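> Structure here, sequence nowhere to be found:
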């Protein structure tokens, strides 16, 4: 039993330590000290830059230049919803952190509906979410459209202490369940979701648009905000 516990502890250390110690997460061709999730630059006018991208300003084409051509663009929709245009990366090296990255395109509902009408096919993802393949003409048009939000799911499991160590103390700590906590950074345009039962999630918008992250949380059942 002790041997098994030791193995589990070693695996946990192997996953967490690269996130804490950059030198242990180096990969060939990647600067381990650049484009890290906590390296957020503010322009003093309500805008920000992360991973070399500016939420609300940078286009899908610029995302492709920064993060690579492996982006999977589609409309992702819940049942009875219009959905949103999203770009998905299965794995991106953000400094020494490996992560899944999802970018949300800034497109009005009417435009998304038009693209859905021209869409080639739709398939179900997990649960009842639908992924709708876009037409080639729309894929070309999307390249020039801005990205309003960037979501990052790191490959390592993080706890709240580690997040605060990297990002600093949050402006607000919002508990939505026993295992799920939102650490909110309005000045950075950032919401970090710490989930004891799943992967952590970092959501970035321009600080001036932080309400787009905060307002939906007020409707969560059992909301229990706690000030720090």
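Good, I have the coordinates. What you see is a predicted model, and the numbers here were worked out from it, not measured in a lab.
> all helices for this structure, in order.
Here the chain has its helices, by DSSP state H, at 2-20, 60-67, 109-118, 136-142, 160-167, 211-214.
> Does residue 78 touch residue 129 like I think?
Yes. In this structure, residue 78 is within contact of residue 129 by Cβ atoms under 8 Å, at 5.8 Å. All C-beta atoms are positioned from the backbone trio N, CA, C, and that covers glycine.
> any idea which strand is longest in the protein?
strand 84-94 (DSSP state E).
> among the helices of the chain, where is the model least confident on average?
Among the helices of the chain, helix 2-20 carries the lowest mean pLDDT, at a mean of 40.
> Leaving out the residues flanking it, which one is nearest to the residue nearest the centre of the chain?
In the chain, the residue lying closest to the centroid (Cα atoms, centre = their mean) is residue 151, at 1.3 Å. Of all residues not flanking residue 151 in the chain, residue 102 sits nearest, at 4.3 Å (Cβ to Cβ, 6 or more residues apart in numbering).
> Equivalent analysis for residue 214, please.
Nearest one to residue 214, counting by Cβ to Cβ, 6+ apart, is residue 184 at 6.6 Å.
> so what's the one you found up against?
170-174, 190-191, 213-214 (Cβ atoms under 8 Å, 6 or more residues apart in numbering).
> Now a ChimeraX select for only the buried ones of these.
In ChimeraX, this line selects whichever of those come out buried by 16 or more other Cβ atoms under 10 Å:
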select :170,172,173,174,190,191,213
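> Turn the contacts of residue 184 into TSV, including distance to residue 156.
Output for the contacts of residue 184, formatted as TSV (distance: Cβ to Cβ, whole Å):
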residue	distance to residue 156
170	20
171	24
172	24
173	21
174	23
190	18
191	19
213	23
214	26
